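Quick one: sequence and predicted model below, then my questions.
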Amino acid sequence: MSRPMMSLADIAAPVASTPVTGPAAHPTRADARTAPPSAAWPDWKTYRLNTESPQVMHIDLNSAFASAEQQAWPNLRGRPMGVTNRVSPQCCVIAASYEAKALGIKVGMRKSEAMEICPEFIILETDPSKYTFMYQNLMRIMKSYSPNFKMKSIDEGVIDFHDTRLVNNRSLADIGTEIKRRMKQDVGKWMRTNIGIGTNRFLAKTAAGLHKPDGLDVLDHTNLVDTYRGMDLQDLSGIADGYGTRLRMYGIRTPLDFLAAPDDLLRKQVFQSINGLHWHERLRGFEVDDYTTHISMVGRQWVVRAPSENDDYLRSCMHYLTETVGTKLRYRGVEARGICVWMGFSAGGGWRAKQMLKTTIYSDRDIWAQVALLFDKRPAHMKVQIIGIYLYQLTPSTRGQLSMLEDAVKLDDLTRATDGINDFYGSFTVHSADTLTGTKHVKQKIPFGGTEYFDLLLKRA
Amino acid sequence: MNPTIEINERVDIVVVFRRYGDISSLCVPVRMRWGTRDIELIELALRHPTTQGKRMIHVFHVSDGSNNYRIEFDAEMLTWTLVSVIEVFDNFDDEVAA
């Protein structure tokens, strides 16, 4: 279906003759959507930017895993290097040092491609305990300034200073400089930190990306338009190929075009959802991203070390993954009704099977019973390259309640006891004999994105 | 190329425990005997804790100025283990070329 095309010139032409009367009032969210722009006004008035003093700080460790390794191994400093989960000819670079990035080696690139660019490229296996230490230090430092902080991932977080200005009465730039110094002091001198300060989370993150590595930038209504002027559309955090293409379809080719686009165009045509309005406000520095997310699924995947069709091997690895997913499920205090087993084949293509159960599952034994049923339905004689499992339709666990069924109570007690032993003596101290092969082959993975399982990771590390 | 050489051998370590300082400088390994080699450690690059179950392991990344070492102190068994080494890179380019 074709969408009506409108050019920005038709929609958002500034009204040059709009008179300015009285002192300039700071715009509100409502003004930002309704007041007509004026070419004669300063940029912040033309675009109705948020003129509040910036109170949100985004902290981002530069090339975090690679920097941590360079900190630990002085011989690697200044060299193109990266880390991967498991070294193999076709492994992916999951973090690259700045020296490697300068040569064009990117995250996600295969080791073989990186070695073509730089034959001296060094690649190490990930060391989760090191990154956990770095993460904990970053979190501790952030927490010392405000209780209103949130880790966005293993190497970045946000502090909202709105409610703590009475105690943090220094400028945020001073505090940012101090955070950079403390990271160097507490973790190591090779740790470089990018800090961005803005009126909302989006601008703070944008500011943190302006001068890598080791930058500190403030974005507010006085310099926002100039900053957008020097950026490409897809430099904006959250605008990748999909949204980029959609925006360009409507004549929005630069961040300034995006800023000038009226909320009606964004909401009703470009994004066709409330997202359009959110972008309209986000770009102006109004906060729309301060919300809490809820977990909707728990899962784990694993790239098979040597692609195989061997049933015993795959079964053991799948059983191992199932037990790690079970641990995550109970760690989050939830139970699941939905279960999905999937795999990708080395010849290409994949397979998945889903099952919605009548009752929730919680113990490793119950989860594996369902996973095994699905696993047995997979296409035979296919070499498997990647396997995975996830549980969905999560509900808060009710296992604390007494059950009329004695067996159910015993199983819950056994599960709790097993988790307790594994918690105390180390993960997989007690596990199914069936997972023995899996424990040898499946390696711990660094959880990108969310930080929900970091305490669990720390125990396993 | 992964330059890490796995060792996993028990070693003798001389450690200085300081009265004052931040946590990264309170406990510093200064000398290591690995087999017949006496190695003076001149840089503590990173120290971080980890656990094996509830057992605390302190990981020290140290350097003698040319080679880098990862040594681990098991706080329960009171043992020091040289886990791995990354040697100086002077010969590394030749090795890659070979």
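Sure thing, it's come through.

what sits up against stretch A:369-380?
A:309, A:314-315, A:318-319, A:322, A:339-341, A:343, A:345, A:351, A:353-355, A:357, A:361, A:389 (CB atoms under 8 Å, 6 or more residues apart in numbering or on different chains). Where C-beta positions appear, they are placed from N, C-alpha and C, glycine not excepted.

Which members of these additionally contact chain B?
Counting by CB under 8 Å from any CB of the partner chain, nothing from the contacts of stretch A:369-380 sits close to chain B.

Can you say which of these are buried?
Neighbour-count burial (16 or more other CB atoms under 10 Å in any protein chain shown) applied to the contacts of stretch A:369-380 gives A:314-315, A:318-319, A:322, A:339-341, A:343, A:345, A:353, A:361, A:389.

Which of those fall within strands?
Among those, the members found in strands (DSSP state E) are A:339-341, A:343, A:345, A:353, A:361, A:389.

for those, which one is nearest A:Asp174?
A:Ile389 (48.2 Å; CB to CB).

backbone phi and psi for residue 52, please?
I'll assume chain A. Backbone geometry at A:Glu52, expressed as degrees, to the nearest 10, gives phi -60, psi 150.

please go with chain B instead
According to degrees, to the nearest 10, B:Gln52 has phi -120, psi 100.

Tell me, how many residues neighbour the nearest residue to A:Glu99 once chain neighbours are set aside?
Nearest non-adjacent residue to A:Glu99, counting by CB to CB, 6 or more residues apart in numbering or on different chains: A:Pro80, 4.5 Å away. Other residues near A:Pro80 come to 23 when the count uses other CB atoms under 10 Å in any protein chain shown.

Tell me how far A:Pro80 lies from chain B.
Using CB to the nearest CB, to the nearest Å, one gets 11 Å for the distance from A:Pro80 to chain B.

Touching, that residue and A:Leu103? I think so.
Yes: with contact defined as CB atoms under 8 Å, A:Pro80 and A:Leu103 form a contacting pair (5.6 Å).

Number of residues surrounding residue 49?
No chain in the question, so chain A it is. Counted with other CB under 10 Å, A:Leu49 comes out at 25.

you looked at the wrong chain, it should be chain B
By other CB under 10 Å, 17 other residues sit near B:Pro49.

Also A:Leu256?
Neighbourhood size, A:Leu256 [other CB under 10 Å]: 19.

How about A:Gln370?
Counted with other CB under 10 Å, residues neighbouring A:Gln370 total 18.

okay, it: pLDDT?
You'll see A:Gln370 listed with a pLDDT of 92.

Can you tell me the SS state at it?
helix (DSSP: H, G, I helix; E, B strand; the rest coil).

re the thing from before, find the residues that touch each one of A:Pro80 and A:Leu103.
A:Cys118.

does A:Ala66 sit in a helix or strand, and which one?
In this assignment (DSSP states H and E), A:Ala66 forms part of helix A:64-72.

separation between the residue nearest to A:Glu99 and A:Ile386?
Counting by CB to CB, to the nearest Å, the gap from A:Pro80 to A:Ile386 is 28 Å.

Could you do A:Arg315 as well?
15 Å.

hey, what's the residue lying closest to A:Lys205 once chain neighbours are set aside bridged with?
Residue nearest to A:Lys205 in three dimensions, not counting chain neighbours: A:His58, with 4.6 Å by CB to CB, 6+ apart. Per DSSP bridges, the residues bridged to A:His58 are A:Val158, A:Gly196.

cool, B:Thr81 as well?
Bridge pairing for B:Thr81 - DSSP bridges - gives B:Arg10, B:Glu72.

okay, now it: neighbour count?
With other CB under 10 Å as criterion, B:Thr81 counts 18.

can you pull the contacts of it?
So B:Thr81 contacts B:8-11, B:71-72, B:74 (CB under 8 Å, 6+ apart).

how about the strands in chain B?
Under DSSP E, chain B gives strands at B:4-10, B:12-17, B:27-34, B:37-40, B:43-52, B:55-63, B:68-74, B:79-86.

Any part of the third one near chain A?
No: on the criterion CB under 8 Å from any CB, strand B:27-34 is out of touch with chain A, staying 13.9 Å away.

Show me which pair in the ones in strands among the buried ones among the contacts of stretch A:369-380 is furthest apart.
Greatest spacing in these, by CB to CB: A:Phe345 and A:Ile361 (27.4 Å).

could the ones in strands among the buried ones among the contacts of stretch A:369-380 be laid out in CSV, adding pLDDT?
Shown next, in CSV, are these (pLDDT from 0 to 100):
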residue, pLDDT
A:Ile339, 94
A:Cys340, 95
A:Val341, 94
A:Met343, 92
A:Phe345, 91
A:Ala353, 93
A:Ile361, 88
A:Ile389, 94
